[in-house]
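Asker: got a sequence here, can you model it:
(one chain, ligands or ions: 2)
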Amino acid sequence: TGRPQIDFTGAKAENLSFSYGEEEILSGLSLDIPQGKITGIVGRSGSGKSTFLKLLMRFWEVRQGTCTLSGTSISDINTVNLRELESYVTQETHLFHDTIANNLRIAKQDATLEEIQEACRKASIHDWILTLPQGYDTPVGELGDTLSGGERQRLGLARAFLHSAPLILLDEPTSNLDSLNEAIILHALQKETQDRTVVLVSHRASTMRIADQVIPVENGRRS
Ligand code: ATP
Ligand code: MG
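Answerer: Ligands and ions are numbered 1, 2, ... in the order given. This next block holds a predicted model:
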């Protein structure tokens, strides 16, 4: 059914440290991500924000401190369950050589066209798709390099809206967007979080205005 096996009740990092090599990137980071809220994370370039999201995604192993979802250590949640619990949007969106609709369907296999369109409206990309020669059936390959960074990014956000994961992790999700498109998406995100939880990493103050709490990070810990 795609329903997560685990009910999402919040995420937590406690005394979390991490390094890729010699240098410590996260140094005893502790923070709470309460269910149903938007948590913003801000901090200078290199402070470890993206690394923290990658640990939440289990792209890397937690070796020092703890990182939990619903009270369970990330390392003890199987990755299939984890993918059902989490949506992840970054500055890059990878698209398959297939139609726009099928590129969105990877977020929800049995999605109806109505559901896809609804997600695209929230991501402020629906009107643009309608201008394409075959609308939702346009093969991405035919658009080639004409797809802008902002268009890709909005398709990535549409996937997150379509995927019913209770936790949405957004790493600079609006970095390539103008302020109008950003405003539409932030508004949709705010409405979404009545039953979803969002972690939002961004440099932009305009993005942080929708956050319920903002956590400043410096040198891998709270500042
Ligand atoms: P930005 O705001 O620029 O996105 P950030 O806060 O997201 O920065 P991270 O991407 O978490 O920072 O990177 C933290 C540090 O870890 C940086 O010094 C970076 O060079 C380093 N780093 C990130 N990924 C790797 C990796 N795969 N291997 C080695 N070092 C890495
Ligand atoms: Mg980053």
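Asker: just the strands in this structure please.
Answerer: Counting by DSSP state E, one finds strands in the chain at the ranges 10-19, 24-34, 38-42, 64-69, 72-73, 86-89, 167-171, 197-201, 213-218, 221-222.
Asker: tell me which residues in the helix or strand bottoming out on mean pLDDT in the chain are buried?
Answerer: Among the helical and strand segments of the chain, the one scoring lowest on mean pLDDT, DSSP states H and E is helix 140-143, with a mean of 82. Of all the residues in helix 140-143, those buried under the rule 16 or more other CB atoms under 10 Å are Val140. To be clear about C-beta, it is placed using only N, CA and C from the backbone, and glycine gets the same treatment.
Asker: which residues touch it?
Answerer: 95-100, 103, 132-133, 147 (CB atoms under 8 Å, 6 or more residues apart in numbering).
Asker: just the buried ones among the residues you listed, please.
Answerer: 95, 99-100, 103, 132.
Asker: farthest-apart pair in these, please.
Answerer: Within those, two members stand farthest from each other by CB to CB: Leu95 and Leu132, at 13.6 Å.
Asker: need the helices for this structure, in chain order.
Answerer: Along the chain, the stretches classed as helices by DSSP state H are 49-56, 79-85, 100-105, 113-122, 126-130, 140-143, 149-162, 179-192, 205-208.
Asker: which one of those lies nearest to Asp7?
Answerer: helix 79-85 (9.4 Å).
Asker: then the closest one to CSV, C-alphas only?
Answerer: The C-alpha trace of helix 79-85 is given here as CSV (Å, rounded to 0.1, in the frame of the first residue of the first chain):
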residue,chain,number,x,y,z
THR,A,79,16.0,1.1,3.9
VAL,A,80,12.7,0.2,2.3
ASN,A,81,10.8,1.5,5.3
LEU,A,82,13.1,4.5,5.4
ARG,A,83,12.3,5.4,1.8
GLU,A,84,8.6,5.3,2.7
LEU,A,85,9.1,7.5,5.6
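Asker: quick revisit: just the buried ones among the contacts of helix 140-143 now: which is nearest ligand 1?
Answerer: Ligand 1 lies nearest to Leu95 out of the buried ones among the contacts of helix 140-143, by CB to the nearest ligand atom, at 21.9 Å.
Asker: tell me the pLDDT of the closest one.
Answerer: Per-residue confidence at Leu95 stands at 91 (pLDDT).
Asker: hmm, it is touching Glu151, no?
Answerer: No - using CB atoms under 8 Å as the test, Leu95 is too far from Glu151 to be in contact (10.0 Å).
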